[in-house]
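Colleague: Sharing a model prediction with you, sequence too.
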Amino acid sequence: MPEMTYLQAISDGLRQEMRRDERVFVIGEDVGVYGGAFKVTVGFLEEFGPWRVIDAPLSEIAIAGSATGAALMGLRPVAELQFADFVSCAWDHLVTVAAKQYYRAGTPVPLVLRLPSGGGFSGGPFHSQSPESSFTHVPGLKVVCPATPRDAKGLLATAVEDPNPVLYFEHKHLYRRIKADVPEGRYTVPFGKARVHRAGDDVTLVTWGAMVYTAAEAADELRGEGISVEILDLRTLQPWDKQAVLESVAKTSKLLILHEDTRTSGFGAEIAAQVAEEAFENLDAPIKRVAAPDTPIPFSPPLEKAFIPQVADVASALRELVAY
Amino acid sequence: MPEMTYLQAISDGLRQEMRRDERVFVIGEDVGVYGGAFKVTVGFLEEFGPWRVIDAPLSEIAIAGSATGAALMGLRPVAELQFADFVSCAWDHLVTVAAKQYYRAGTPVPLVLRLPSGGGFSGGPFHSQSPESSFTHVPGLKVVCPATPRDAKGLLATAVEDPNPVLYFEHKHLYRRIKADVPEGRYTVPFGKARVHRAGDDVTLVTWGAMVYTAAEAADELRGEGISVEILDLRTLQPWDKQAVLESVAKTSKLLILHEDTRTSGFGAEIAAQVAEEAFENLDAPIKRVAAPDTPIPFSPPLEKAFIPQVADVASALRELVAY
Amino acid sequence: MAIARDTEPLGSSLEIGQLGLGRAELLGMYRNMMITRGIEERGHILYKQGKIPGSFYTGRGNEAASVGVATAMRPEDGGTPLHRDMGVHVTRGVEAWRILAQYMGRADGPARGRDGNVHLALIEQNLISMVSHLPAMMPVAVGLGLAFRIRGEPRVSVCWYGDGAAARGDAHEAMNFAGVRRLPVVFVCDNNQYAYSTPPQFEYACANLADRAAGYGFEGIVVDGTDILAVYEQAQRAIEKAREGGGPTLIECVTFRMEGHAVHDDAFYVPSELFQEWAKRDPIGRFGLWLSEHAQLGEAEQGEIENEVKALLGEAQRRAEASPMPDPAELEQGVYAESTEAPGDTDA
Amino acid sequence: MAIARDTEPLGSSLEIGQLGLGRAELLGMYRNMMITRGIEERGHILYKQGKIPGSFYTGRGNEAASVGVATAMRPEDGGTPLHRDMGVHVTRGVEAWRILAQYMGRADGPARGRDGNVHLALIEQNLISMVSHLPAMMPVAVGLGLAFRIRGEPRVSVCWYGDGAAARGDAHEAMNFAGVRRLPVVFVCDNNQYAYSTPPQFEYACANLADRAAGYGFEGIVVDGTDILAVYEQAQRAIEKAREGGGPTLIECVTFRMEGHAVHDDAFYVPSELFQEWAKRDPIGRFGLWLSEHAQLGEAEQGEIENEVKALLGEAQRRAEASPMPDPAELEQGVYAESTEAPGDTDA
Ligand SMILES: Cc1ncc(C[n+]2csc(CCOP(=O)(O)OP(=O)(O)O)c2C)c(N)n1
Ligand SMILES: Cc1ncc(C[n+]2csc(CCOP(=O)(O)OP(=O)(O)O)c2C)c(N)n1
Ligand SMILES: [Mg+2]
Ligand SMILES: [Mg+2]
């Protein structure tokens, strides 16, 4: 099994999908000659030609909207927005057309939207956001947030096969930082199944995306203190693996939810609400959330560091829970 | 004190603001000659002239965006979108520009966006939505959802005075159905203060908008069964009156959250998450939510009725809680 | 660079044959216009009888534009008709009873009661059901053309929008992208001169919306939208040009919205002279006259057609009213698709 | 209907006085162009030294366009400059050290470290700080013009955008609304012929972006954006026309992006001939030559200006580097405004 970065895994997975199924095409700004802002599609134009690797004008509505149209005609578009932040420009199309078309008209929209998200490199308020939570409130959309190279590739294959609009959030801060063994051939990772990133007994930590690694570092710290943390990586938020969370909470009786997005009405709230309702009798402590504060994500390093949940924040929340 | 419909109270409040402060102007589709799709601004064009009552082209981005620009130059725009559903078209402007401008640049954006929302009259998937929850996740925006004529007028005055972008959701199904005494003069109703719609001891029911009336009917039903329900009308979601909710829960030990918007990641989740964290020791039962199911809001009456939470749904959830 | 140009009115001397339309086709178009209007008139009555929930919209005055364009399309072509374009669905063969069932929120409407009024389209006909948000379907229509282009199919997408909707960003992004890639898309602007209560001078500041085509690198044409033969001629030319790789065209069909925006709107803001003036150009009346002058449509045959349409609509109403309401137990079904089967992939 | 027209190059025979610019103003413009470039060159160095977090953008090649337009504005005018328009801030008097502090994420940058690079503007100068989402500031700029119009003030809003951003819906809605209401807004399209890696033929299909003005009912002009006097002349004409109630103008400044999109981009996709060709038209070089030919700018004075600018930038860098990092304890402050005080309400 070759070792790949998270970015290479996405690129590899996408190339395999395009080789496997000629209905798959990519469209986005600078995806052709340039190979995409993050170089995920380097070499694609040469291999697949200009009508399967489409450099679009700076037009998020046209990109998402025409991808929907092509999907309705039986193609399998994988559209790239240059940064997940710009998905706000396609919000209306996604929630109004793509999300509701199947329910209203019975016509599936097999669309994948690739969204490089997340902060950690002073991208500032418009190149660092984690907008996944907002989409979990929109029935009809699926939301995917891989944390590992292996999942990145396997979830992309699942996304391409899925007959629904799938928002595929790839965390930019993992692109080149995270490397792991990835199967060479094609495989799929199912939606709605959490991954146990680390098993443990004392407290459950539910998270996704880049925060999986922050969680792991915090858990390392606590291991030294004799505390065993179970980390669940949700992998997909819509659908999400409630069962796995409830089972882990039944075991540990304590739950910490961690996300990089801002706190209020983030997807952590939904997890907390459901666990509070369904595991009421199992909880031995209040459900805690560690998330970014309710501000735009700032540019300057000291501010950004204070904004993004850090290992110390997670560790202290875990300690509080254990001590409760 | 004259009796006014909810709609008249909004219209009256808006007219008073325009008379009081000549920086206030309205802009929107068909707000001039036609008086707005719901006739809130009838007579305004005659009274205030075409540069304070601006009929805009069918351009939600231009409406919201130019309102922001005018606000930055010291005016007090009150922009109307014809239906709250169309706020999706202005989403990018609101979350990207209006919400973040003060934090980033220190320049306040005193903008009010009037958004006729809610279902109950077979408006179908695009004329019946309650999009307020989505905006509670966007730091920098305020979210207002009056339920009574008195609050509608007083919260509008507060919104116009507020130096931030305020999304003012007016529930269409209350427009002509709800009538009450409303003070003639100008008054303000503070943001972030819940209203006790009905005091009670056995269970706390937190809601807002048209659901206040559904809640009251359910509470009536339960009164016959000897159960006393405390209904809190949040009135504003951002900021929201957590203190009032925690105090009521401290008294009743049981909480039901009710909203017309869809369940997953709706604002009910945030309320549940916070109460679950902060009132853990006070809760004698799981927090329950009654909300619309995770589907688009359908057109046909039997489907729409099944979609919007009904008195019976609320009553049975309350009974379950009390019986727990 | 193409400049918008007005089309010549089709004089009586024009040979029918030049348009490739035989007498049967012409009468078929006439019949489709009558069915279209008939469905909407029935709808009006049903609405007043309280049988149609919500609001109700018609395309009165737009029958020549909608039927004319749809007649010029081939079955394998697709598109995104709007709320004034019932004639498109009728022409492409959606049965009248299903449309009435849709109005009434019944289970047999194409939207199965999940959506209402003209939010319907059959994917088998490569038509995509519109949303309310205008003109959010334009980028989708461009996507249809993109799919045809990617697969190298000789198919064309037709993209409808209104004079009011033309102000929104979606219109711009859609037309720009189609122009840049010379996609097989024909844009049809139903310019009925009002957007709800808003007249053209508050919607746009150019003389004709077709003028905008130049900014997207394709041709813009203004056509009298009450003259079905003129509409057909331009639509056919544009569609075939697109099919042959000639890229998009924007056809602006100038008509008049002969009723209020919707059933609750009495259009008090429209000068009554305008209604009077445009009533003289009623598209069905005009075409009927033309047919009597040039295609030997006599009173007897005219009466036959009318009776036939009436019968069809009576039967449609009966059948629609017999259609059940949707089952609330199915409310939560079908939010997500289970099958990956390719929809609309009708290429041979 | 206005048709986009090219402007005549300003021949050497043109009397400076005709433009209303004395020698001091001309040298001031030259100096502002040099400061602009100097700031961005310093930024580049600071970036390579690891002192600038995130990415780094410059407007090299756009100095004539940005300084030329800003010089034509009056202090009471406002607008929304973009990421290639540092010359606007310099011309309107933002101090160089604060710009460098902004680059470095320091507390004294106009965005106090909350935002970075060119996302800055001083409301005292009626400029609004840009967001990344392009061209989301266009409707805001139109709102400035709307406020001026509502209050009947003789002020003008200048709305910048790029050739790539022109494809987005916001551009359309903004220009359409401004055209319909004849608002005092001047649109300035910085056409540097690339949008990141995307060349014009994949961005738009008309000959010039200024052609689009016709579709909005106002005049479109193409100007050589490397000729500061040509830019100034057109900007001044358009701004004064807007001030007098003549409505919007679209000025397309044709330039060339002389570097990659940002510091990480080596622009391998740009044919090197293009860089060579456009290097000959360097706006600072051209204006320097013009000044030496027409305004007696000799080597000595030229050297003086250069030294002065260098000193200014050296001092600016020292001061910027002395500026503290923002205090993380303030992270959560200032999400909501507390005061209702009217910002930007500078009318007399
Ligand atoms: C984005 C959006 N904003 C507002 C509306 C409300 N609305 C429905 S139809 C209409 C007027 C549309 O005018 P036009 O495009 O000319 O179409 P017409 O109804 O005249 O055929 C408006 C404003 C809408 N449907 N979508
Ligand atoms: C809505 C949006 N989509 C994508 C981007 C990413 N992006 C940043 S600059 C740029 C190219 C902009 O081109 P142009 O408007 O010509 O301005 P230039 O950078 O050439 O001055 C792109 C695609 C963005 N900033 N905003
Ligand atoms: Mg119209
Ligand atoms: Mg450019």
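Modeller: Nice, thanks for sending it over. Ligands and ions are numbered 1, 2, ... in the order given.
Colleague: What distance do you get for whichever residue of chain A sits closest to ligand 4 to chain B?
Modeller: With CB to the ion, the shortest gap between chain A and ligand 4 falls at residue A:58, namely 9.1 Å. Using the backbone N, CA and C atoms, a C-beta is placed for each residue, glycine as well. Shown here: residue A:58 relative to chain B, a distance of 13 Å by CB to the nearest CB, to the nearest Å.
Colleague: what's near enough to touch the closest residue to that residue other than its chain neighbours?
Modeller: Take residue A:58 and drop its neighbours on the chain: the residue closest to it by CB to CB, 6 or more residues apart in numbering or on different chains is residue D:164, 4.2 Å away. With contact taken as CB atoms under 8 Å, 6 or more residues apart in numbering or on different chains, residue D:164 is in contact with A:57, A:58, D:134, D:194, D:195, D:196, D:198, D:203.
Colleague: what's the single longest strand in chain A?
Modeller: Longest strand in chain A, counting residues (DSSP state E): strand A:255-262.
Colleague: give me phi/psi at the residue nearest to residue A:58?
Modeller: Taking degrees, to the nearest 10, you get phi -70, psi -50 for the backbone angles of residue D:164.
Colleague: mind listing the strands for the stretch 101-250 of chain A?
Modeller: Secondary structure of the stretch 101-250 of chain A by DSSP state E, counting those that start in this stretch: the strands cover A:112-117, A:142-144, A:166-171, A:179-181, A:195-198, A:203-207, A:229-233, A:236-238.
Colleague: Then chain C?
Modeller: Taking DSSP E to define them, one finds strands in chain C at C:5-6, C:78-80, C:157-162, C:185-191, C:219-224, C:249-254.
Colleague: secondary structure class for the residue in the stretch 1-150 of chain A positioned nearest to ligand 1?
Modeller: Going by CB to the nearest ligand atom, ligand 1 is nearest to residue A:92 of the stretch 1-150 of chain A, at 8.0 Å. Classification of residue A:92 by DSSP: H, G, I helix; E, B strand; the rest coil places it in helix.
Colleague: That one: how many residues sit nearby?
Modeller: 29 (other CB atoms under 10 Å in any protein chain shown).
Colleague: Now it. Nearest residue, chain neighbours left out?
Modeller: Excluding its sequence neighbours, the residue lying closest to residue A:92 (CB to CB, 6+ apart) is residue B:88, at 4.1 Å.
Colleague: did I read that right, that neighbour in a helix?
Modeller: Yes. Residue B:88 sits within a helix when classified using three-state DSSP.
Colleague: for residue 142, what are its contacts?
Modeller: Since you didn't name a chain, this refers to chain A. Shown in contact with residue A:142 (CB under 8 Å, 6+ apart): A:159, A:162, A:164, A:165, A:166, A:167, A:191, A:236, A:238, A:239, C:336.
Colleague: wrong one, chain C
Modeller: By CB under 8 Å, 6+ apart, residue C:142 lies in contact with A:62, A:65, A:66, A:69, C:157, C:159, C:174, C:177, C:178, C:183, C:185.
Colleague: Show me which helix runs longest in the chain.
Modeller: Chain wasn't specified; assuming chain A. If each helix of chain A is counted by residues according to DSSP state H, the longest one is helix A:6-20.
Colleague: Please refer instead to chain C.
Modeller: As assigned by DSSP H, the longest helix anywhere in chain C is helix C:23-48.
Colleague: and that helix, average pLDDT?
Modeller: The average pLDDT within helix C:23-48 is 97.
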